[in-house]
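Asker: attaching a predicted model along with its sequence, questions to come.
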Amino acid sequence: MKTQAKIAIYWLLLGVCFLTHTLLHLYGLFYGADVRIPDATGDVPLGTQAFNTVIFTVTFLMALLSMNLSGRCFRWVSFVWSALFLLLNLFHLGATLFVEAFDLSQACLLSFVVAVNVLLTLTLWRMLKKDKR
């Protein structure tokens, strides 16, 4: 498979996994769980809106751009973004496994997310190293 297409698919997989992660958080509703954040007023804080916009929208934007851009500058931006996501995903997986109440579906999904993110980061790194030659 062409490397540029592979990178776009990795970004797309991450975006779909982020959406699935959110849905799995809401799954407890079917079993009567209260999923509200304590002291929630019903208004989504601006910081949360901004975070969600970055996580969801930029991930899908990176997939779209990866199919259409291939310049060195874009590859660096993509690599840095992927590395930052990898740190976020590793931290989140660790919190899910060792801090929060254990949830098998989240643990499996977040492990998959980390695996995809590692593959994305390695693929981008290899492209950047190949550019140097």
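Answerer: On my side now, so go ahead. Residues are numbered from 1 along each chain as shown.
Asker: okay, the helix or strand hosting L61 in CSV with CA atoms only?
Answerer: For L61, the host element (DSSP states H and E) is helix 59-68. The C-alpha trace of helix 59-68 is given here as CSV (Å, rounded to 0.1, in the frame of the first residue of the first chain):
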residue,chain,number,x,y,z
THR,A,59,-7.6,14.2,13.4
PHE,A,60,-10.1,14.0,10.5
LEU,A,61,-8.4,17.1,8.9
MET,A,62,-5.1,15.3,9.1
ALA,A,63,-6.6,12.3,7.3
LEU,A,64,-7.9,14.6,4.5
LEU,A,65,-4.7,16.5,4.2
SER,A,66,-2.6,13.4,4.2
MET,A,67,-4.4,12.3,1.0
ASN,A,68,-3.7,15.6,-0.7
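Asker: use 18 as the first number from now on
Answerer: OK, 18 is where the count begins now, so the last one is helix 76-85.
Asker: and it, which residues are buried?
Answerer: T76, F77, M79, A80, L82, S83 (16 or more other CB atoms under 10 Å). (Glycine included, C-beta is placed from N, CA and C.)
Asker: quick one, the helix or strand that it is followed by and helix 76-85 angle?
Answerer: Counting by DSSP H and E, the next helix or strand C-terminal to helix 76-85 is helix 89-115. Our comparison of helix 89-115 with helix 76-85, counting by axes from the mean of the first three to the mean of the last three CA atoms, to 10 degrees, yields an angle of 140 degrees.
Asker: buried ones in the following helix or strand past helix 89-115?
Answerer: Next along the chain after helix 89-115, taking DSSP H and E as the criterion, comes helix 121-149. Within helix 121-149, the residues scored as buried using 16+ other CB under 10 Å are 123, 126-127, 130-131, 133-134, 136-138, 140-141, 144.
Asker: distance from the chain centre to helix 121-149, please.
Answerer: 10 Å (CA atoms, centre = their mean, to the nearest Å).
Asker: quick one on the thing from earlier: out of the buried residues of helix 121-149, which is nearest to I72?
Answerer: Taking CB to CB as the measure, I72 sits nearest to V130 out of these, at 11.4 Å.
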